[in-house]
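In: Got a predicted structure plus its sequence, pasted below:
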Amino acid sequence: MSDQILLRFLSAGLIEVGGDDAKLTKLVEAASDLATALKKTPSKTSSFALIAFDPASPEDDPVITEVCDALKKRWPTYVNTFSGTPMKVLRALLLDALVQAAVDEGVGVAFVTSARNALPFIEAGNEQKIWAEAVLEIEGRVDARAEAEWATPDSITAPELKYSAPPALELITQPLAIDTESLTATLHAAASPAGAGSNKNRHWPHHDPTNWAVDFGRLAAEAIAGAIDAASEDVQGDPVDISGPLSALSQAVVKHVGDTLKLVSAATAGLQRRTNLIWWKETLFSPSARVSYRALPVSSVGALMALDLHQMVPIFSPVSVAAFLSETVLSLDSVNPEIKHSIREFVGEAVESAELSPLRIAARQLLPQLSGRGPILALLAEQEGKLTIDDAQFRRRVGVPAETALTIPEWATWIFRELQAARATQEVVQPKKTGNKA
């Protein structure tokens, strides 16, 4: 699909290069340059997408300027081919670049979430089918990874214990040599009072056989034991040190157990996430506000739920997580699923609400400062106390009309997607100096 974007725009008659393959080649090269730039600065993904989606994008937006510069680099005389700013061509280049850069799955997340939010409220006309296929292709890849990360396998195969036993120890011993001459002498002393030495039998066998036998047994045993002990002392070798092999075995076992526990942890991570989400939904308690959602103003609760859920799940989350958020919001009695408010009203409330201070802080941490079109989070990051832009400026900044109507669950889903997109493409954002305001 990615190498067919510009051709599809050409086939649909949305852009025209007069059948000149050289001009098409220049467009392809410019799109490739933009894709390379986007991979280096993925935080631009949402801005690229919101301009590319909208046929009414402002010609003076910084993204349009960047695309014009990329095209001019490859095709210096393009201005002589087109009348005015060739917005359809530039937007086609942006889509091509986005699809190419979406091999980086962080860019893919930001592209898909931006599309799911904005495209339903933008008149795409003849481009609709091209957009839909591009979004579905990238969303399929992103969701496949998310499903894999959230899956719990039926079984876990532990790695083999990696341990090489040391070679067998060779023990060298000497033959046991008993001093037979000395043993003979001591046995003779044990058998007769006439034996040599002081330790001899006190009785003759024919005079007192009973006591003789007692002395002989004791003295003979002592003589034999002494001879064996003396011989053993001569053949004792050096102590055998097996601390090295035991230490290596211990380290191998520790690593094996650690690797196995990591496998178990990774395999059960998806189950743990689902369990945590069910607990969150059942308790309806906000980790950021430290109160029940039932105690919060209905106008703020959806956006705060979006922030809390965003902080509970990883970047790659199945599409069903957004549906889970919507159902959780609807579980509040105060939320009427039939009532809609303009997106401008929601943004105004998010700028002013004390309860949504954590959301504004998160927006400042996640997003770089934008001078052109970008996500709604960019407005929350820069506006202080009250939304000061009019409807026309709102349309230029976020890409959808200010009067776009959303339910509270739809608004929560919108904010959740933007938070996920911002984190997926996050760069190091320097904190903005905002004084004591939230």
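Out: It's in. Keep in mind that this is a model prediction, so the values were computed, not measured.
In: now the helices for the stretch 301-438 of the chain?
Out: Assigned by DSSP state H, counting those that start in this stretch, the helices in the stretch 301-438 of the chain fall at 320-330, 343-352, 357-366, 376-382, 391-398, 408-424.
In: Compare the ones you listed and report which one is nearest to Ala31.
Out: Taking CB to CB, helix 408-424 is the member of the helices of the stretch 301-438 of the chain nearest to Ala31, at 21.5 Å. Quick note: C-beta positions are derived from backbone N, CA and C, even for glycine.
In: can I get the CA coordinates of the closest one in PDB?
Out: What follows is helix 408-424 as a C-alpha-only set of coordinates in PDB (Å, rounded to 0.1, in the frame of the first residue of the first chain):
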ATOM      1  CA  ILE A 408     -19.000  12.700  27.200                       C
ATOM      2  CA  PRO A 409     -17.800   9.100  26.300                       C
ATOM      3  CA  GLU A 410     -16.800  10.300  22.800                       C
ATOM      4  CA  TRP A 411     -14.900  13.200  24.400                       C
ATOM      5  CA  ALA A 412     -13.100  10.800  26.800                       C
ATOM      6  CA  THR A 413     -12.100   8.500  24.000                       C
ATOM      7  CA  TRP A 414     -10.800  11.500  22.000                       C
ATOM      8  CA  ILE A 415      -8.600  12.600  24.800                       C
ATOM      9  CA  PHE A 416      -7.400   9.100  25.500                       C
ATOM     10  CA  ARG A 417      -6.300   8.600  21.900                       C
ATOM     11  CA  GLU A 418      -4.400  12.000  21.900                       C
ATOM     12  CA  LEU A 419      -2.600  11.000  25.100                       C
ATOM     13  CA  GLN A 420      -1.600   7.700  23.600                       C
ATOM     14  CA  ALA A 421      -0.500   9.300  20.400                       C
ATOM     15  CA  ALA A 422       1.600  11.900  22.300                       C
ATOM     16  CA  ARG A 423       3.300   9.300  24.400                       C
ATOM     17  CA  ALA A 424       4.000   7.100  21.400                       C
END
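In: what angle do that helix and helix 357-366 make?
Out: 30 degrees (axes from the mean of the first three to the mean of the last three CA atoms, to 10 degrees).
In: What is the neighbour count of His46?
Out: Wrong residue type there; residue 46 is Ser, not His. Residues near Ser46, counting by other CB atoms under 10 Å, number 30.
In: and it, what is it in contact with?
Out: The contact partners of Ser46, by CB atoms under 8 Å, 6 or more residues apart in numbering, come to 110, 114, 374-375, 418, 421-422, 425.
In: let's go with 6 Å and repeat that
Out: 110, 114, 374-375, 421 (CB atoms under 6 Å, 6 or more residues apart in numbering).
In: List the buried residues of the one helix or strand Leu98 maps to.
Out: Here Leu98, judged by DSSP states H and E, is contained in helix 87-101. Buried residues in helix 87-101, defined by neighbour count with 16 or more other CB atoms under 10 Å: 87-101.
In: circling back: and among the helices of the stretch 301-438 of the chain, the most buried is which?
Out: Across these, averaging neighbours per residue (mean count of other CB atoms under 10 Å) puts helix 408-424 on top, at a mean of 25.
In: Neighbours of the residue lying closest to Arg423 once chain neighbours are set aside, how many?
Out: Excluding its sequence neighbours, the residue lying closest to Arg423 (CB to CB, 6 or more residues apart in numbering) is Ile315, at 5.7 Å. Around Ile315 there are 19 other residues, counting by other CB under 10 Å.
In: just Pro337 next, same as before
Out: When counting by other CB under 10 Å, one arrives at 12 neighbours for Pro337.
In: Just list the residues touching it, thanks.
Out: Neighbouring residues of Pro337 by CB under 6 Å, 6+ apart: 330, 407.
In: Need the per-residue pLDDT for it.
Out: Pro337 is assigned 91 on the pLDDT scale.
In: Just the buried residues of stretch 74-88, please?
Out: 74-75, 78, 82, 86-88.
In: Name the residues that touch the helix holding Leu98?
Out: For helix 87-101, contacts defined as CB under 6 Å, 6+ apart pick out 2, 5-6, 9, 14-15, 30-31, 34-35, 38-39, 48, 52, 67, 107, 111, 134.
In: swap the cut-off to 7 Å and go again
Out: Taking contacts as CB atoms under 7 Å, 6 or more residues apart in numbering, the residues outside helix 87-101 that touch it are 1-2, 5-6, 9, 14-15, 27, 30-32, 34-35, 38-39, 48-49, 51-52, 57, 59, 64, 67-68, 71, 82, 107, 111, 134, 138.
In: Over to stretch 416-427?
Out: With CB under 7 Å, 6+ apart as the criterion, stretch 416-427 contacts 42-43, 45-46, 106-107, 109-110, 113-114, 116-117, 306-307, 309-310, 315, 317, 322, 325, 362, 366-368, 375-377.
In: what about that stretch, distance to the chain center?
Out: 14 Å (CA atoms, centre = their mean, to the nearest Å).
In: Sweet, I'm off.
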